[in-house]
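>>> please work out how this folds:
(one chain, ligands or ions: 1)
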Amino acid sequence: MKAMRITAAGDPSVLQLQDIPQPKPGPGEVLIRVGASGVNFADIYMRKGAVPVPLPFTPGIEGSGTVEAVGDGVSDVKPGDRVAYAGRGLGSYAEYDVMKAAQLAPLPKEVSFEDGAAVILQGMTAHYLLHEFYRVQRGSTVLVHAAAGGMGLLLVHWLKHLGAVAIGTVSTEEKARIAREAGADHVIVYTKQDFAEEAKKFTGGKGVDYVIDGVGKTTFTKNLDALRHRGWATVFGMASGPAEPLAPNSLMTKSITISGGALFNYVVTRDELLARARDVFTGLREGWLKLRIDRAFPLEQAAEAHRLLESRQTTGKLILKTGV
Ligand SMILES: NC(=O)c1ccc[n+]([C@@H]2O[C@H](COP(=O)([O-])OP(=O)(O)OC[C@H]3O[C@@H](n4cnc5c(N)ncnc54)[C@H](OP(=O)(O)O)[C@@H]3O)[C@@H](O)[C@H]2O)c1
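Sure thing, here's the model as predicted:
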């Protein structure tokens, strides 16, 4: 089968299309004919070596497709089932992928493979970010960094569904337009404006209840200024690099809570995974959760997809069309 392989950490050119043997599902595992694969910043961290992965490897932590074969002991999925998966295991940048059966969510028949691969990881991430830390309620004020990105747009949609006030940061006026169109109540162009000062203006000088930060280095320290007393910030990514170190005692003055999030810790049990996936697909079906696929690349152009995501020029999600 064809797979994108990484044999050494580095720039996007290390992504090379190779012919490798089709994997076989072991006990409790499933062979999936991949329909589409989601491109994520985590793939870039792994490609660069910022998140170490044993070499060589096939990247890709998100995909959708059809069950081709099942290993011993698998009873809850069967060949022909449509599935989506995310957050655990590597290998979706390929024509076939093997996953543990317990890590698969059913892909509703009305959701295409492209949409399934575009939403499963980021949708379930938005789910835990909005339900496991600061409890977002009607009227909560929430600052979302990179609000026109893949995660950012889903978070804005979900915040509006929950009745919260969504305040987004973006780097350009065009991204500001896209974030507003998605429903953001206020948008701050953080490359020109001081986002903490602006966030305070939008909250009557108090500061926001919650900051959701996947940007990291260029934003995290200033989040503390943007928060109200007893506010909460979650860091869940590092698109600009790792956040600067922080002295724990600096949190005392405003009694701030900080948390870190990674999806794989929030889809640990089968019930948890299915519940989050179900809510994501319900959001799509009911129309309050909307997908914006910026571009779909053929598998062999995965390096191009990485370049584009890193270039900061995308709005919404990138996917690879892996279908065989
Ligand atoms: N922990 C988890 O469970 C989890 C799961 C999914 C995603 N994530 C994280 O969520 C974040 C967003 O992921 P995504 O795939 O949706 O990406 P994305 O938001 O579509 O793209 C990243 C955005 O970050 C902003 N950014 C700021 N500084 C940047 C820089 N130096 N280089 C590149 N981008 C920069 C850009 O928006 P502006 O131009 O508007 O600044 C850019 O468009 C990533 O940090 C990712 O790792 C975490």
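>>> please count neighbours and contacts with C-alpha atoms only from this point.
OK.
>>> have a look at this protein and report its longest strand.
Counting residues, the longest strand in the chain under DSSP state E turns out to be strand 29-39.
>>> now that one: mean pLDDT?
For strand 29-39, the mean pLDDT works out to 98.
>>> that one pairs with which strands?
strand 62-70 (antiparallel), strand 96-100 (antiparallel), strand 317-321 (antiparallel) (DSSP bridges).
>>> out of these, nearest to V136?
Evaluated over those, closeness to V136 peaks at strand 317-321, with 24.3 Å, by CA to CA.
>>> now T203: how far from N223?
From T203 over to N223 the distance is 14 Å, taken as CA to CA, to the nearest Å.
>>> the more surrounded of those two?
Taking other CA atoms under 10 Å, T203 and N223 do not tie; N223 has more neighbours (25 against 17).
>>> and the more buried one, what element?
Following DSSP states H and E, one finds N223 within helix 220-226.
>>> so which residues of the stretch 51-200 of the chain form strands?
Along the stretch 51-200 of the chain, the stretches classed as strands by DSSP state E, counting those that start in this stretch are 62-70, 82-86, 96-100, 104-106, 141-144, 165-170, 186-189.
>>> got JSON lines for the ones you listed, with mean pLDDT too?
Output for these, formatted as JSON lines (pLDDT from 0 to 100):
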{"stretch": "strand 62-70", "mean pLDDT": "98"}
{"stretch": "strand 82-86", "mean pLDDT": "98"}
{"stretch": "strand 96-100", "mean pLDDT": "97"}
{"stretch": "strand 104-106", "mean pLDDT": "98"}
{"stretch": "strand 141-144", "mean pLDDT": "98"}
{"stretch": "strand 165-170", "mean pLDDT": "98"}
{"stretch": "strand 186-189", "mean pLDDT": "98"}
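>>> ok, which of those comes nearest the ligand?
Counting by CA to the nearest ligand atom, the ligand lies closest to strand 165-170 out of the strands of the stretch 51-200 of the chain; the figure is 3.4 Å.
>>> enumerate the residues of the stretch 51-200 of the chain near the ligand.
122, 125, 146, 148-152, 170-171 (CA under 6 Å from any ligand atom).
>>> neighbour-wise, give me the winner out of the residues you listed.
Neighbour tally across those (other CA under 10 Å): the maximum, 33 neighbours, falls on A148.
>>> residues in contact with it?
A148 sits next to 170, 175-176, 178-179, 315-316 when contact means CA atoms under 8 Å, 6 or more residues apart in numbering.
>>> and V142, by the same measure?
164-167, 208-212.
>>> again with G91
So G91 contacts 57-61, 97-98 (CA under 8 Å, 6+ apart).
>>> which of those sits closest to the ligand?
Within these, the smallest distance to the ligand is 10.1 Å, found for I61 (CA to the nearest ligand atom).
>>> the closest one contacts L90, doesn't it?
Yes - counting by CA atoms under 8 Å, I61 touches L90, with 5.0 Å between them.
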